[in-house]
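K.L.:
After the sequence you'll find the predicted model.
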Amino acid sequence: MSATTVVRPGPEPGPSVPPPPPPRRRRGQEDGSIPIEYYGLRRGTVTAVTTLCVLFAIFTLVPIAWLVINSTKTQANIFESFGFWFASPFVFGKNFALLFQNVDGYGVYFRWFGNTVLYAVVGGGGATALAALAGYGFARFRFRGSRALFYLVIAALLVPITAITLPLYLSYAKVHLINSIWGMLLPSMVSPVGVYLMRVFVEVSVPRELIDAARIDGAGELRIFFRLALPLMVPGLMTVLLLNVVTVWNNYFLPLIIFSQNQLYPLTVGLGLWSQRAQNSGNAEIFPLIVLGGLVTVVPLIVLFLILQRYWRSGLLLGSIAN
């Protein structure tokens with residue numbers, strides 16, 4: 001008895017159905033950002049915050065715009081023309097050429113600029129290195145008195161510089177650091193804010209399990225720090241570096257009390273000296289140089305921020321999730 005195979009007819013071919021369209025992405029998902037509605041904010045709140053940000057941006061950019069415009073004017077036009085529009089003659093090139101020359105034998109801007117770069121690079125870089133070492137030590141090592149020592153470092157933020165002016169000057173006089181570059185560099189290498197930020201960043205970005213695994217494999221502490229921890233600390237390091245460089249670059253009070261020689265001044269004290277000189281003598285060539293000198297002073301900081309802004313943003317965001 002043979003088996004009979006029954007073939008059932010399939011469904012008749014019909015018109016082809018196009019595949020459904022892919023889901024539409026919301027605005028902000030293509031560039032990896034988070035849509036604003038995921039934050040739980042109302043539209044009115046977002047509008048208010050955006051308005052405040054715009055006002056803050058205007059408040060920040062207006063002085064820079066004033067410097068740019070008035071750096072192209074003569075002394076008379078600075079005081080007589082509208083401050084937020086250009087005036088004839090356009091003398092930016094002349095002012096820029098005079099800026100790096102000796103003005104009445106009373107100071108060379110180029111020398112002050114070089115001093116500022118030296119203080120900011122050495123002082124800010126040294127403060128960042130020490131903050132990285134101290135922050136890593138406080139975050140990953142427990143020893144007797146570590147908590148009290150960390151609180152003592154943070155307590156230094158509560159002491160204003162004006163309160164220690166006289167003790168600092170007397171101490172510098174005893175160790176012969178008055179009119180010495182080291183008198184400016186050594187205090188600049190101390191950054192309690194940098195130590196705090198690096199400790200918070202290490203606790204978040206450097207897993208304890210990774211360090212313990214390296215120790216089990218026989219790696220020393222220096223090798224662990226430089227080969228494992230330090231690459232993970234780069235965003236935090238760049239954030240602290242930017243803060244320290246800006247702090248040293250804008251420092252006015254410390255060099256004012258320890259320097260009495262013109263050749264050692266940074267830009268902050270040098271421009272203040274020019275301003276005092278212009279007010280006392282009425283020299284027509286100094287006021288445009290003060291305006292242009294202020295503009296040239298802020299340009300390196302703007303460039304540095306633009307270069308390090310991605311590290312700055314990631315460093316702040318990662319540090320904000322610490323417990």
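P.N.:
Arrived safely, thanks for sending. Residues are numbered from 1 along each chain as shown.

K.L.:
before we move on, which element is residue 304 in?
P.N.:
helix 286-319 (DSSP states H and E).

K.L.:
hang on, isn't residue 122 packed against residue 185?
P.N.:
Yes - Residue 122 lies in contact with residue 185 (Cβ atoms under 8 Å); the separation is 5.4 Å. For glycine as for every other residue, the C-beta is placed from the backbone atoms N, C-alpha and C.

K.L.:
Run through the residues that contact residue 227.
P.N.:
residue 219 (Cβ atoms under 8 Å, 6 or more residues apart in numbering).

K.L.:
what secondary structure does it sit in?
P.N.:
helix (DSSP: H, G, I helix; E, B strand; the rest coil).

K.L.:
Alpha carbons of stretch 153-165, as CSV, please.
P.N.:
What follows is stretch 153-165 as a C-alpha-only set of coordinates in CSV (Å, rounded to 0.1, in the frame of the first residue of the first chain):
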residue,chain,number,x,y,z
VAL,A,153,43.5,70.9,52.9
ILE,A,154,39.9,71.9,52.1
ALA,A,155,39.9,74.3,55.1
ALA,A,156,42.6,76.3,53.3
LEU,A,157,39.8,77.6,51.0
LEU,A,158,38.3,79.4,53.9
VAL,A,159,41.3,81.6,54.5
PRO,A,160,41.4,84.7,52.3
ILE,A,161,44.7,85.8,50.9
THR,A,162,44.4,89.2,52.5
ALA,A,163,44.5,87.6,56.0
ILE,A,164,47.9,86.1,55.4
THR,A,165,49.5,89.0,53.6
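
K.L.:
How about residues contacting that stretch?
P.N.:
134, 190, 192, 193, 195, 196, 253, 254, 257.

K.L.:
And stretch 190-210, by the same measure?
P.N.:
Identification of contacts with stretch 190-210 by Cβ under 8 Å, 6+ apart yields 127-128, 130-132, 134-136, 138-140, 150, 153-154, 156-157, 228-229, 232-233, 235-237, 239-240, 243-244, 247, 315, 318-319, 321-323.

K.L.:
Which members of those come out as buried by neighbour count?
P.N.:
127-128, 130-132, 134-136, 138-140, 150, 153, 228-229, 232-233, 235-237, 239-240, 243-244, 247, 315, 318-319 (16 or more other Cβ atoms under 10 Å).

K.L.:
What mean pLDDT does stretch 150-168 get?
P.N.:
In this model, stretch 150-168 has a mean pLDDT of 84.

K.L.:
Surely residue 69 touches residue 90?
P.N.:
No - contact status for residue 69 versus residue 90: not in contact, 10.8 Å apart, counting by Cβ under 8 Å.

K.L.:
so how many other residues sit close to residue 308?
P.N.:
Residue 308 is flanked by 17 other residues according to other Cβ atoms under 10 Å.

K.L.:
Tell me who's in contact with residue 95.
P.N.:
Shown in contact with residue 95 (Cβ under 8 Å, 6+ apart): 71, 72, 288, 289, 292.

K.L.:
Which of these ranks first by neighbour count?
P.N.:
Neighbour-wise, these (other Cβ under 10 Å) top out at residue 288, 26 neighbours.
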